[in-house]
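[1] starting from these lines, generate the structure:
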Amino acid sequence: MYKIEEMFSEYGDIVTVEEVMEMLQVGRVTVYRMLKSGKIRSLRIGKKYVVPKKSVVELFNFQ
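    As a prediction, the model looks like this:
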């Protein structure tokens, strides 16, 4: 079985909004909605969001 972590191995442990857009193949508005709703955990520093790659990977953990 292909692991989600391997799918995103090219990205660092911390990703930007633009990288999340690439990873999920969604638009900027969708990413910001997910960040603001808490669906993707993040930290806001000034005007920028810092996103742990692990929080993006967790979206795919269906158990």
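[2] what residue is smack in the middle of this protein?
    Nearest residue to the geometric centre of the chain (CA atoms, centre = their mean): residue 56, 3.6 Å.
[3] relative to the whole chain's centre, how far out is whichever helix or strand it is part of?
    Here residue 56 sits within helix 53-57, counting by DSSP states H and E. For helix 53-57, the distance between its averaged C-alpha position and the chain's averaged C-alpha position is 5 Å (CA atoms, centre = their mean, to the nearest Å).
[4] what does that helix rub up against?
    With contact meaning CB atoms under 8 Å, 6 or more residues apart in numbering, helix 53-57 is reached by 4-5, 8, 11-15, 20, 23-24, 40-42. The way it works is simple: take the backbone N, C-alpha and C, and place the C-beta from them, glycine included.
[5] of those residues, which is the most crowded?
    Comparing those on neighbour count, residue 20 comes out first with 25 neighbours (neighbours: other CB atoms under 10 Å).
[6] is the closest residue to it other than its chain neighbours in a helix, a strand, or coil?
    Leaving aside its chain neighbours, residue 20 sits nearest to residue 31 (5.0 Å; criterion: CB to CB, 6 or more residues apart in numbering). On the three-state scheme (DSSP: H, G, I helix; E, B strand; the rest coil), residue 31 is labelled helix.
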